[in-house]
Structure formats: structure tokens, C-alpha cells
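Novice: give me coordinates for this.
(3 chains)
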Amino acid sequence: MKKILIHLESDAKASVFDQITAYDAGVDQVIAYGGVQVEEVPNLVYGAMFTRGGEGLRHSAIFIGGTHVPAAERLMKKVLDTFFGDVRVSVMFDANGSNTTAAALVRKITQGRDLKDKKALVLAGTGPVGIRGAILLAREGCEVLLSSRQLSRAQEVSEHILEHHGIPVTPVEIATQEDVSQALSQGIHIAACCGAPGVRVLDQKTWSTAPALEIIADINAVNPLGVEGMKVTDNGKEREGKIFYGAIAIGNFKMKVHRAAVQALFQSNHQVLDFSSIYELARNMEE
Amino acid sequence: MKKILIHLESDAKASVFDQITAYDAGVDQVIAYGGVQVEEVPNLVYGAMFTRGGEGLRHSAIFIGGTHVPAAERLMKKVLDTFFGDVRVSVMFDANGSNTTAAALVRKITQGRDLKDKKALVLAGTGPVGIRGAILLAREGCEVLLSSRQLSRAQEVSEHILEHHGIPVTPVEIATQEDVSQALSQGIHIAACCGAPGVRVLDQKTWSTAPALEIIADINAVNPLGVEGMKVTDNGKEREGKIFYGAIAIGNFKMKVHRAAVQALFQSNHQVLDFSSIYELARNMEE
Amino acid sequence: MKKILIHLESDAKASVFDQITAYDAGVDQVIAYGGVQVEEVPNLVYGAMFTRGGEGLRHSAIFIGGTHVPAAERLMKKVLDTFFGDVRVSVMFDANGSNTTAAALVRKITQGRDLKDKKALVLAGTGPVGIRGAILLAREGCEVLLSSRQLSRAQEVSEHILEHHGIPVTPVEIATQEDVSQALSQGIHIAACCGAPGVRVLDQKTWSTAPALEIIADINAVNPLGVEGMKVTDNGKEREGKIFYGAIAIGNFKMKVHRAAVQALFQSNHQVLDFSSIYELARNMEE
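Specialist: Predicted coordinates:
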């Protein structure tokens, strides 16, 4: 029985990236839909629920992608609401690569280290990867600060995280390198940079003069990178006593996590691979 | 040479159900199109006609699906009009599952029985499955009555059946359980319930007091079922002397018929699998 | 690793023809998009660029199709602009079959012959196949005339060819059979007929009285054919001392060229299969 992955997203054209990755993970056939409206979801999901009974159900699965994360979350909710009882298939959520990227980012930061009582700053952390990264770092034992150029935006995200995940995160307004310096000087050990492609968020002078800072990671692969003096291929490289993880090192691991998660979908028919379970997968993977 | 199925339908998103079923029937690749307009059909069909000559032609086939049956019939007509001579591929029509469901429904009712001189009532029979079921029951030798809540609608459908298939069907107005009782009291042996999902069309008191009634079948799988006291899994179950066929028993057989029909498509390049030929297939299948 | 072909075109429905041909060429999976806008191209191309590194890159490729050639050329340009450095995949352009048809047409005309100093007339040559055919014939050593019913249109195309390909082509206005006769009487050896389906461009009286004329080829497969007295299956058939190549003989070879070009895509990650390279392929193929 072929392993079939139903790919749903709200963008007009279903992602080439996710489809190729699915095939590379061993999926036999992707059935991909772009421009999916919430009200179209039930009929598509019924097609996965009612074609293969019992043992067969685990050979169909659903992937929620797309660049627009809130729209994808609405699709995800509708998918889960459409199932009933055991008549369901496994689902993976990775809109804009947010779950696999956050999992890879935090896995790089934690690897072989105990993060208990460490302080982490998620810089430019109000996007999907930043939010997920903050939660995962907190669960690993860190005290987490999350920054935005606007305090109100950081507060909004922090409240959302507290409300939905029960995790306290401290909002910080960071608009300038002086703001970064001041934040880092509060004993920050980890800087997880989640800025947009091509946007510098951390200057060399700033990180090199932050005494407590141990680890710097960045998900921005487009020049200028998020961190001055970093290379995208840095994979645990030491510079002035700090450990660096660049966007390609994180991205390469993200690809492995992505493929492993897709493979996991077909092990049973009742998995929901959201950021927590994808991170669990990443945690248990050899690099 | 890969077995390729071109799936065409007028709904915006091509059916997941039909695509998975095609793969489970052994199709190597489905090329699926939703939102197909009649005027787009020729170009798509040419692609099937002109890529693989001679013996190769039978490795491509066309499936017409979608929830809107009249729109699907227009696509079907255009597909058939586009072929010329032997330059054609096999085509299967199963919009809204109508042909395979009707075939499975009637096959359940007939199995091992002689329906000559039986009287059958197709309840709520003006939908695609009801119409096809009425024709198939008549061909099996039944005298057929077909009901609607509005007499005019039942008459319209009966006239359509007479005109296009040369089969006389008696239209009946049935709006209440008293109407059902009265209809059943005319010596009806078979009640084929084709109501919409979640709509009760036959109460227990009504069927249990119909003396001639022998067989009750129902295609509604959503509670409340079409027939009170029935179970969706009833597969020849006897209750108060009547034989019951529920929606899941019919549906499971429908899946087999669907797969068998898709497989049959690739045996030659000139088949038109509409409800008659799909029923012939179903008739010759082991259950 | 699966050979994946990303099919992009501006027509609403991605071509069945191109997809089936891709599978017959050994592609494992086509991921097809119709209705592609230029601004949607980068994201789709990134999906091919960033999923499979190094050696893996050559297992993904891009095909540009669609019936509207100028729109396809804009997509092609955007695809090539999106690559950077070695991070690229191979691309084939064959909108409306123009490149493979022109290659097959000219390959038929040249086969085993030396075209140095021959004079060729591309009749009704302002469409995509005519333009490409004119360039290829010129490169084979012919002096080329290209006709249109309107001189201005022929001039426009000739200027385009000179400007973009550095090849001089003589524009001719041909509206009647007398015009054809007059053109042929200028020592034309080759008539390549590129008229629209169902449009006669060359009468028997005209070609039979053209003394220098040696070879007549026609890409119109729909009656009336482009050349009176020709058969679509003519494949080097001699009639009144002239050699004929009909649309099906050319079309059959076009299919082989098309498949060979698709196969070539996966040999490395940096090929651009446009009409020149596709013709090179065709030139080296056994018929």
C-alpha cells in the first residue's frame, strides 16, 4: 500500500520544497493542494479517513504547510476537528518550516548541554520560529527573554505563550545595539537570533563584549546575516570564546528533522506532529 | 509503461478519495485536475490521446469525478466527443460515487436472488444514486416505484429515465411515514433508501408493519440513518423477517467495485465505464 | 533518489501531454503547476534549489511549458534569474512543443544531407516553430526566407531573429499561391510549412511546378493539411521528384526528441535545454 501524503496549504501554489522533501523521506505519493480554504478541509480529510480502513489508515497522512502560519493553524484546527474517534490519520504541521526550524535551532543550542538555569534571549522572536524556539528553550530549563522592536508586540506574544502553553517569557523591547547590549548584560548565556532574512540583529562589538554569552545561533541565511562575524556554515565553531551555529548548519539539520518527522507520520494513524513532538524527534536524533 | 489516470472534476479541489482509491487499485500515477471547465477538456484529453500510440494507449485512462453530477456529465460528454476513431482511452464516470454506490446497492439487493416480478420502492430516489439504482433494479426484473417529497420532482426523474433509458418507473409522492406505509402496502418487496446523509426516511413501525417487504437497504451512513432500527454494518442481517443492508456494508463493497472498475480501465483503450458497465462488473464480483 | 520534474506553465491547467511524456521518459514524479505567475516562480524554484544538495541537485529539474510562448519565456527568464552560482537545477523549455517540434522538423529536413548553400522558405513562419526552424536551418547553412501574410509581421520576426541570434533571414509577404510560386521560383530547395492546424499553405500545382524544390515538410496534422497531396505519415516519401515529411512523421520523431531531452535534464544540474541544445540532441539521435 502506497504511503500517501496529503499536502494542504493556503498559498496559491503548494510548496515544491515540502513535496520534494516528502519524497526524499520515502513518501510514495504526495497529493498536494494550494489555495486551500478552511471550508474545503473536511471533504479532503474524509478522503483520507474513508479510503483505507484499520491497519491501512496509517499509510495516509496529512501535512499542513504554507508561508502564512496563522492561516495554516486554521487549516490544522479544521483537520483535527474533522476526525472522529479512531477514524483519523496522522498529521504534521510545518507551515513556513516553523516547527522543524525551531526544533533544529533549539536542538543545536542544547546538544549535550544542560540548559537548566541558563538565560536565553530570543532576538526578533515574535515570528513563528521565535515563538516556538522560546517555548522549547523554556522547556529545556532556560529563563527566556523574547525581544521585538516594539514592546507591545513582544508583550502580546509573551501573553499568548503564557496563555496557550503555560510558560512565562519576559518581553523586551530591542530597537538598537545598545538595547541588545543592555539585555545581554543581564547575564544572558544564549542568543537565539530569529530575525528576517537579510536583517542584522547582532553586531560583533555587541556579542564580543557580552561576558556571560556562551552560545549564538542564527536562522538568517541571507546576507547580511543576523549576526556579524558569523558564517552560515558555523556548526559549533568557537569565536572569542562563544559557540556559533549558522543558518546552514541549522538548516541542514532541519532537513533531517523534516524528513524524520514525515517518516514518523506513517508509523501509526493517530499522531499529531506539532512543534513539541517534532522537537522530541529532533532531540533523539543523531546529528 | 506507467498506468496513468487523468482525474477530471468540476469541484475546485480534486477528490482525495478518488485519488487514493485509484492508487489502491494499482494506478501508478494520477494526474488530477479540479475546477475543470468543459472548454478545457479537449486539450487535456488530447494529452492522453497523442502521447502513447497503439498498445500504449491503454496505459492512460480518464476518470470523471466531482460532487456535482450534472457538471460531471457535461465533462464526460465532452471527453467522449473529443475522441476520434480508435484514438481514444478508456473512461470511467463516478461523480459523487454515484455509479459505484448504485452498483453496490443493487448488487447487495440482488445477490443470489431472482428479482423477477418483485416490486421495489426507491425512497428519496431523485438523486444520482437513486436514479441509477432504479434503472438497475428495473433491469434486474423489478417493477420500480421512485419517490420524492414532491410528485413533480419524481415525475420529472421518471420521464428522464423513460426517455434516456427506455425504462418505465412509477413516480410517487412520499412526504410522511403514512405515505411510505401506503406505498409499501402496494406489495413492495424491496425498499432502497437513497436519502441524504442524516435524514431518516423509514421508521421502524412503518417497515415492521409492511407485510410484503423483504429487503431494506440504505446508503445513509450518518446518524440518524435512513432506516430506524438498522445498523450501518448490517450485511444481510435479518430483523423481524426482513433482510437489512446498511451503508457501511454497501460502502465497503462499493470500494471494491470502485477499485475493480479502475483496474478494468487499463485492460483496453476503448472502454466507457458508466453505471451499466460498472454494475456488470459488480455483478460478476465475489463479495 | 527520485527524479522529480517541476512543470511550470501559464495556462490554467498544466499540460497532460507534457506530464505523460515526462513519465514515459523515466521521470519518477512530476510536480505540475498551471496558472503560474512570474512572481510565483522564485519560491517554486527555491524548492528545487534548496532541498537536495551537491550530487542530489541533478535529480530535480524544471520544465517550462504552456501554449502561450511569450508568457513561458517570461517564466523561463525568471527561473534562470532565480538561480545563483552552482545552486541550480537543469531546465528545459518547450512551450507549445515549439523547441522539440522545430528540432524534429529541421532534423527531418537535414538528415544525411548537406544544406550548405541551399535556399529554404519557412512558410507561415512567424509562429514559435517557424522562428526556431528558420534559425536552425540558417545554422545548418541555408539561406532562409520567412513568410507571413503581412510583410510587416515577417519583417518584425526577421529583425527579432537578427537582433537576438545574429542570423539574417529574409522576410517575404505571401498571401496567395501566386506569391508562393513567385517565392519558390527564386531557387528555393526547401519548403518548411509551419502554418496553423487545418490551414492549407501550399497547393499541389504550386509545389509540382517549382523546379528547384527538393524537400517539403509540414507540421500541420489537421485536415486540410498544410500541403496538398501530402500524407501526414510521409516520412521521406518521394512524389514527383520531391521528398515529403508529414506532420505525423515529424511528430513521432518530436516525441523521441522530447523524451530524450527530458532524460538529458537529469544528467547534471546545470543544463539549459532551449531550442539550440534540444536540436543538438535531435541531431545526434538515431531516428
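Novice: now the one residue in the stretch 151-287 of chain A that gets nearest to chain C: which helix or strand?
Specialist: Of the residues in the stretch 151-287 of chain A, the one nearest chain C is A:Met255, at a distance of 7.4 Å by CB to the nearest CB. Placement of C-beta: from N, CA and C, glycine included. Element membership of A:Met255, judged by DSSP states H and E, is helix A:247-265.
Novice: is that helix up against chain B anywhere?
Specialist: No - Helix A:247-265 lies out of reach of chain B by CB under 8 Å from any CB of the partner chain, never closer than 15.1 Å.
Novice: let's see that helix as CSV, backbone CA atoms only.
Specialist: Listed in CSV are the C-alpha atoms of helix A:247-265, where the atom choice follows Å, rounded to 0.1, in the frame of the first residue of the first chain:
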residue,chain,number,x,y,z
ALA,A,247,21.8,29.2,9.3
ILE,A,248,23.0,26.5,7.0
ALA,A,249,24.2,24.3,9.9
ILE,A,250,20.8,24.7,11.4
GLY,A,251,19.1,24.3,8.0
ASN,A,252,20.9,21.1,7.2
PHE,A,253,19.7,19.6,10.5
LYS,A,254,16.3,21.0,9.9
MET,A,255,16.1,18.9,6.7
LYS,A,256,16.9,15.8,8.6
VAL,A,257,14.3,16.6,11.2
HIS,A,258,11.7,17.4,8.5
ARG,A,259,12.4,14.0,6.8
ALA,A,260,12.4,12.1,10.1
ALA,A,261,9.0,13.7,11.0
VAL,A,262,7.5,12.8,7.7
GLN,A,263,8.7,9.2,8.1
ALA,A,264,7.2,9.1,11.6
LEU,A,265,3.8,10.0,10.3
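Novice: show me which residues of that helix are buried.
Specialist: By neighbour count, with 16 or more other CB atoms under 10 Å in any protein chain shown as the criterion, the buried positions of helix A:247-265 are A:247-251, A:253-262, A:264-265.
Novice: on that earlier part again, quick check: phi and psi on the residue nearest to the residue of the stretch 151-287 of chain A closest to chain C when sequence neighbours are not counted?
Specialist: Ranked by CB to CB, 6 or more residues apart in numbering or on different chains and with sequence neighbours excluded, the top spatial neighbour of A:Met255 is A:Thr21, at 6.9 Å. Here is the backbone geometry of A:Thr21 (degrees, to the nearest 10): phi -60, psi -40.
Novice: residue contacts, A:Thr21?
Specialist: Under the criterion of CB atoms under 8 Å, 6 or more residues apart in numbering or on different chains, the contact partners of A:Thr21 comprise A:Met255, A:His258, A:Arg259, A:Val262, C:Thr51.
Novice: closest to chain B among the residues you listed?
Specialist: Distance to chain B across those (CB to the nearest CB) is lowest for A:Val262, with 17.5 Å.
Novice: can I assume that closest one is in contact with A:Asp28?
Specialist: No - with contact defined as CB atoms under 8 Å, A:Val262 does not count as touching A:Asp28 (11.8 Å).
Novice: contacts only, for the residue of chain A found nearest chain B.
Specialist: Ranked by CB to the nearest CB, the top residue of chain A for proximity to chain B is A:Gly47, at 2.6 Å. Contact criterion CB under 8 Å, 6+ apart gives A:Ile6, B:Ser15, B:Val16, B:Phe17, B:Asp18, B:Gln19, B:Ile20 as the residues in contact with A:Gly47.
Novice: before we move on, what about A:Gly236?
Specialist: For A:Gly236, the residues meeting the contact criterion (CB under 8 Å, 6+ apart) are A:Lys108, A:Ile243, A:Phe244, A:Tyr245, A:Ala249.
Novice: try 7 Å
Specialist: By CB atoms under 7 Å, 6 or more residues apart in numbering or on different chains, A:Gly236 lies in contact with A:Ile243, A:Tyr245.
Novice: surely it is within a helix?
Specialist: No - membership of A:Gly236 in a helix is not supported by DSSP: H, G, I helix; E, B strand; the rest coil, which gives strand.
Novice: domain parsing for chain A?
Specialist: As recorded under automatic domain parsing, the domains making up chain A are A:4-93, A:101-250.
Novice: turn those domains into TSV, including mean pLDDT.
Specialist: TSV is the format used below for the domains of chain A (pLDDT from 0 to 100):
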stretch	mean pLDDT
domain A:4-93	96
domain A:101-250	96
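Novice: as JSON lines, the ones you listed with distance to B:Ile135 would be great.
Specialist: Conversion of the domains of chain A to JSON lines gives the following (distance: least, CB to CB, whole Å):
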{"stretch": "domain A:4-93", "distance to B:Ile135": "26"}
{"stretch": "domain A:101-250", "distance to B:Ile135": "55"}
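Novice: which among these is found nearest to A:His270?
Specialist: domain A:4-93 (5.8 Å; CB to CB).
Novice: centre of the chain to that closest one, how far?
Specialist: Between the centre of domain A:4-93 and the centre of its host chain there is 18 Å, according to CA atoms, centre = their mean, to the nearest Å.
Novice: now do the same end-to-end measure for it.
Specialist: End-to-end distance for domain A:4-93, by CA to CA, to the nearest Å: 16 Å.
Novice: ditto for stretch A:257-271
Specialist: Across its full length, stretch A:257-271 reaches 16 Å end to end, with CA to CA as the criterion.
Novice: buried residues, stretch A:207-219. List them.
Specialist: Neighbour-count burial for stretch A:207-219, with 16+ other CB under 10 Å as criterion, is recorded at A:Trp207, A:Ala210, A:Leu213, A:Ile215, A:Ile216, A:Ala217, A:Asp218, A:Ile219.
Novice: what's near enough to touch the third one?
Specialist: Each residue near A:Leu213 by CB under 7 Å, 6+ apart is listed here: A:Leu184, A:Ile188, A:His189, A:Ala191, A:Trp207, A:Lys242.
Novice: the first one too?
Specialist: A:Trp207 makes contacts with A:Ala191, A:Leu213, A:Ile216, A:Val227, A:Lys242, as judged by CB under 7 Å, 6+ apart.
Novice: let's see 8 Å
Specialist: Contacts of A:Trp207 were listed using CB under 8 Å, 6+ apart, and they are A:Leu184, A:Ala191, A:Leu213, A:Ile216, A:Val227, A:Glu228, A:Gly229, A:Lys242.
Novice: could you tell me whether the second one really is in a helix?
Specialist: No - looking at A:Ala191 with three-state DSSP, it is strand, so not inside a helix.
Novice: wait, isn't it in contact with A:Ile215?
Specialist: Yes - contact criterion CB under 8 Å: A:Ala191 and A:Ile215 qualify, at 7.3 Å.
Novice: what about A:Arg216, which helix or strand?
Specialist: Careful, residue A:216 is Ile and not Arg. Using DSSP H and E, the element containing A:Ile216 is strand A:215-218.
Novice: how far is that strand from where the chain is centred?
Specialist: That offset, for strand A:215-218, works out to 15 Å (CA atoms, centre = their mean).
Novice: write out the residues of the stretch 51-200 of chain A neighbouring chain B.
Specialist: When proximity is defined as CB under 8 Å from any CB, the stretch 51-200 of chain A approaches chain B at A:Thr51, A:Arg52, A:Ser60.
Novice: who does the last one bridge with?
Specialist: So that's A:Ser60. According to DSSP bridges, A:Ile4 are recorded as the beta-bridge partners of A:Ser60.
Novice: list the contacts for the residue of the stretch 51-200 of chain A at minimum distance from chain C?
Specialist: Across the stretch 51-200 of chain A, the shortest distance to chain C (CB to the nearest CB) belongs to A:Thr67, at 7.9 Å. A:Thr67 makes contacts with A:Asp11, A:Ala95, A:Asn96, C:Asn43, as judged by CB under 8 Å, 6+ apart.
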